[in-house]
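In: my questions concern the predicted model and sequence given below.
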Amino acid sequence: MRYIWTLIWSLLLSNMIFYVLVSMQGGTFDFVSASIFGVIFTVIISVIGELLPAKSEEI
């Protein structure tokens, strides 16, 4: 479930960022490019999350 939420949020945020940046430059928004960036970002975040050690609680 965490991968699905990571994908949803990365797609939303990447499309928002791409839209704002392209609008500031006066260009045209490309949904496919922004979505591809979001998927790549999801994969990178998921890999980093799996490689980091889990926190151990000390009593």
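Out: That came through, no problem.
In: hey, where'd the helices end up in this structure?
Out: Counting by DSSP state H, the chain has helices at residues 2-25, 31-51.
In: need those in TSV with mean pLDDT and mean neighbour count, can you?
Out: (Each C-beta comes from the backbone N, C-alpha and C, glycine too.) Shown next, in TSV, are the helices of the chain (pLDDT from 0 to 100; neighbours: other Cβ atoms under 10 Å):
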stretch	mean pLDDT	mean neighbour count
helix 2-25	94	13
helix 31-51	93	13
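In: so who does G38 touch?
Out: Contacts here follow Cβ atoms under 8 Å, 6 or more residues apart in numbering; on that basis G38 touches 7, 10-15.
In: closest to the centroid, which residue in this structure?
Out: Centroid check for the chain by Cα atoms, centre = their mean gives S10 as the closest residue, at 2.8 Å.
In: wait, that residue sits on I45?
Out: Yes. Using Cβ atoms under 8 Å, S10 makes contact with I45 at a distance of 7.0 Å.
In: on that earlier part again, tabulate the contacts of G38 (TSV), appending distance to S33.
Out: Converted to TSV, the contacts of G38 look like this (distance: Cβ to Cβ, whole Å):
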residue	distance to S33
L7	17
S10	14
L11	12
L12	15
L13	14
S14	9
N15	10
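In: determine which two of those residues are furthest apart.
Out: Farthest apart among the contacts of G38 by Cβ to Cβ are L7 and N15. That separation is 12.3 Å.
In: centre of the chain to stretch 26-41, how far?
Out: 11 Å (Cα atoms, centre = their mean, to the nearest Å).
In: can I get that stretch in PDB, CA atoms only?
Out: Output of stretch 26-41 as PDB, limited to C-alpha atoms (Å, rounded to 0.1, in the frame of the first residue of the first chain):
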ATOM      1  CA  GLY A  26       5.700  30.200 -21.200                       C
ATOM      2  CA  GLY A  27       5.800  26.700 -22.700                       C
ATOM      3  CA  THR A  28       3.300  24.000 -23.100                       C
ATOM      4  CA  PHE A  29       2.600  21.400 -20.400                       C
ATOM      5  CA  ASP A  30       3.400  17.800 -21.300                       C
ATOM      6  CA  PHE A  31       1.600  15.300 -19.000                       C
ATOM      7  CA  VAL A  32       3.500  12.300 -20.200                       C
ATOM      8  CA  SER A  33       6.900  13.700 -19.400                       C
ATOM      9  CA  ALA A  34       5.800  14.800 -15.900                       C
ATOM     10  CA  SER A  35       4.300  11.400 -15.300                       C
ATOM     11  CA  ILE A  36       7.400   9.600 -16.400                       C
ATOM     12  CA  PHE A  37       9.400  11.700 -14.000                       C
ATOM     13  CA  GLY A  38       7.000  10.800 -11.200                       C
ATOM     14  CA  VAL A  39       7.400   7.100 -11.900                       C
ATOM     15  CA  ILE A  40      11.200   7.400 -11.900                       C
ATOM     16  CA  PHE A  41      11.000   9.400  -8.700                       C
END
